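*Asks:* Have a look at this prediction, sequence included:
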Amino acid sequence: MLLDGKTIVVTGGNSGIGEQICLEAAAEGANIVIDYVAHPEATDALIAKIEQAGGKAVGVDADITRADDLRKMIQTAVDTYGRLDALVNNAGMEDRKSLLEETEEGYDRVMAVNMKSAFFATQFAAKQFIAQGDGGIVLNISSVHEDWPMPGNLAYCVSKGGMRMLARSGGVELGPHGIRIVNIAPGAVDTPINTATTSDPEKLQELDRAIPLGRLAEPKEIAEVVVFLASGRAAYMTSTTVTIDGGISQGSVGL
Ligand code: BGC
């Protein structure tokens, strides 16, 4: 199995892409630490599903916008399974407001959930990796919008742009410790973050038309890449991004 005995922490692990990462990683033999802040029942159900399939998982109620909670999250992994092998900064949110519309509260919330959380979780994970002495990997679920404009979703784009630079600069700083940072940039994925679009047939058709592969991604199609990278294969990759977007960010009207 790809992740036999490896311990992997997934923020926002009880829904959407995060949930699928937990399931796929557990199926490949990993010990899973599922961070969540809402819906403990969803976490319990996910743990039960993983355990029924013969896997191992533990939940940690940690508010990723608070550094102390992130420290607790990493510590839970170490206390439960003895070490940490991979951190997946997956938790994210959107505010769908333009530059002119955004409020201070909305901006702060998006930046805290998407960016501050990844920054400090990476810091604590890196300290643990350094203490263990044999490297480690941080995988950030960013977005095509780490580098591709999305008008009407400005704070989100800014936060994902920050995540891009977290991988670039952070990977350079941590490289000498054998610690790698790789971003996974999904396009449109069929998860709760996109419900406003997927529940509206006209908007969904418009989105599908903009995607060369003609459909949204299934969360599994993102999770499979995360599992592969968490396994330690592709070991020369760091400070970079893997895009999984059905071609949407390369779309062109051809005129
Ligand atoms: C956003 C979606 C958007 C997709 C493609 C994702 O990062 O969360 O709302 O549909 O990018 O533009």
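*Replies:* That came in fine, so what should we check first?
*Asks:* so what's Ile211 up against?
*Replies:* Going by C-beta atoms under 8 Å, 6 or more residues apart in numbering, Ile211 touches Gly187, Ala188, Asp245, Gly246, Gly247, Ile248, Gly251. C-betas here are computed from N, CA, C, even on glycine.
*Asks:* and those residues, which are buried?
*Replies:* Those of these that meet the buried threshold are Gly187, Ala188, Asp245, Gly246, Ile248, by 16 or more other C-beta atoms under 10 Å.
*Asks:* Check which element follows the stretch of helix or strand Val88 belongs to along the chain.
*Replies:* Taking DSSP states H and E as the criterion, Val88 maps to strand 86-89. With elements assigned by DSSP H and E, the helix or strand that comes after strand 86-89 is helix 104-111.
*Asks:* Tell me which other helices or strands that following helix touches.
*Replies:* Judged by 3 or more C-beta pairs under 8 Å, 6 or more residues apart in numbering; DSSP states H and E, helix 104-111 is in contact with helix 154-174.
*Asks:* Can you work out which other helices and strands pack against the very next helix or strand once past the helix it packs on?
*Replies:* For helix 154-174, the following helix or strand on the C-terminal side (DSSP H and E) is strand 179-186. Under the contact criterion of 3+ C-beta pairs under 8 Å, 6+ apart, strand 179-186 touches helix 117-132, strand 136-141, helix 154-174, helix 219-230, strand 240-244.
*Asks:* What sits closest to the one residue in the stretch 151-255 of the chain that gets nearest to the ligand if chain neighbours are left out?
*Replies:* Per C-beta to the nearest ligand atom, Ala188 is where the stretch 151-255 of the chain lies closest to the ligand, at 3.8 Å. Spatial nearest neighbour of Ala188, chain neighbours left out: Leu216 (4.7 Å); criterion: C-beta to C-beta, 6 or more residues apart in numbering.
*Asks:* Measure how buried the one you found is and give me the count.
*Replies:* Close neighbours of Leu216, defined as other C-beta atoms under 10 Å, add up to 22.
*Asks:* For Ala223, see how far away it is.
*Replies:* Leu216 sits at a distance of 14 Å from Ala223 (criterion: C-beta to C-beta, to the nearest Å).
*Asks:* doesn't Thr197 make contact with Leu204?
*Replies:* Yes: between Leu204 and Thr197 there is a contact under C-beta atoms under 8 Å: 6.0 Å.
*Asks:* on that earlier part again, OK, contacts around the residue nearest to Ala188?
*Replies:* Gly187, Ala188, Val189, Asp190, Asn194, Thr198, Leu207, Asp208, Gly246.
*Asks:* In strands, which of these appear?
*Replies:* Within the contacts of Leu216, no residue falls in strands by DSSP state E.
*Asks:* could those residues be laid out in a markdown table, adding distance to Asp61 and pLDDT?
*Replies:* Below are the contacts of Leu216 laid out as a markdown table (distance: C-beta to C-beta, whole Å; pLDDT from 0 to 100):
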| residue | distance to Asp61 | pLDDT |
| --- | --- | --- |
| Gly187 | 31 | 98 |
| Ala188 | 30 | 98 |
| Val189 | 25 | 98 |
| Asp190 | 27 | 97 |
| Asn194 | 26 | 93 |
| Thr198 | 29 | 96 |
| Leu207 | 34 | 97 |
| Asp208 | 37 | 97 |
| Gly246 | 34 | 98 |
